[in-house]
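Student: 3D model of this:
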Amino acid sequence: MTNEDKDTTVRWHLHPLRVRYQETDQMGVVFYGNYVTWFEIGRTEFVRSLGTPYDAIEKQGLLLPVVDLDCAYVSPARYDDNVLVCTRIDKLSPVRLSFRSEVRLAGEGETFPTLWEGNEPPGKLLVRGGTRHVWVNRDWRPSRLDKALPELYARLESHAADIL
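Tutor: All right, here's what the predicted structure looks like:
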């Protein structure tokens with residue numbers, strides 16, 4: 001069961017970005033591959049907001065490769081738009097972690113808290129998708145986060161408690 005199947009309030013991490021000229025194509029819209037990069041920025045900032053940056057996790061010998069990705073384009077972002085990269089946990093187990101991501105258009109001058117509670121984050125939906133990951137050690141063998149970094153697992157579990 002995924003979060004879309006449940007009637008619950010979820011917690012989204014919001015990270016604002018302004019679209020740079022270099023991120024657009026000849027049509028004046030954001031090149032489609034940049035949204036996947038923005039999903040990664042959202043995941044990184046989400047984990048950092050829990051008190052553990054990715055590099056600290058990697059120094060402990062854990063890696064979190066993407067094993068699956070989906071991305072649906074609803075409406076384009078354009079140069080100089082203010083967008084929000086919205087990220088939440090979709091599924092969590094000791095070995096696997098899935099994120100849902102949305103990129104949303106925010107109005108000029110609008111500000112939002114880093115943590116948003118609600119089924120739908122603010123702004124107009126532009127892109128939605130997600131990534132699925134597996135915790136592995138430096139030898140690329142699956143590793144249990146609850147054993148390797150129990151404090152981080154507890155923070156992730158606490159953040160996702162309302163939806164899992």
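Student: From now on I want contacts and neighbour counts done on CA atoms only, so please keep to that.
Tutor: Noted.
Student: What score does the residue lying closest to residue 140 once chain neighbours are set aside have for pLDDT?
Tutor: Nearest-residue entry for residue 140: residue 63, 8.0 Å, with adjacent residues in sequence omitted and distances by Cα to Cα, 6 or more residues apart in numbering. Predicted confidence (pLDDT) for residue 63: 97.
Student: Count the residues that sit near residue 63.
Tutor: Each residue near residue 63 was counted by other Cα atoms under 10 Å, and the total is 22.
Student: can I assume it is in contact with residue 137?
Tutor: Yes. Using Cα atoms under 8 Å, residue 63 is in contact with residue 137, at 6.1 Å.
Student: ok, back up a step: now do the same contact list for the residue nearest to residue 140.
Tutor: Under the criterion of Cα atoms under 8 Å, 6 or more residues apart in numbering, the neighbours of residue 63 are 57, 135, 136, 137, 138, 140.
Student: mind listing the strands in the protein by residue range?
Tutor: Remark: strands assigned in the chain by DSSP state E are 11-18, 62-63, 66-73, 82-92, 96-106, 115-117, 124-134, 136-137.
Student: Switch those strands over to a markdown table, and while doing so, append distance to residue 32 to every line.
Tutor: Compiled in a markdown table, these are given as follows (distance: least, Cα to Cα, whole Å):
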| stretch | distance to residue 32 |
| --- | --- |
| strand 11-18 | 16 |
| strand 62-63 | 26 |
| strand 66-73 | 8 |
| strand 82-92 | 15 |
| strand 96-106 | 12 |
| strand 115-117 | 26 |
| strand 124-134 | 10 |
| strand 136-137 | 29 |
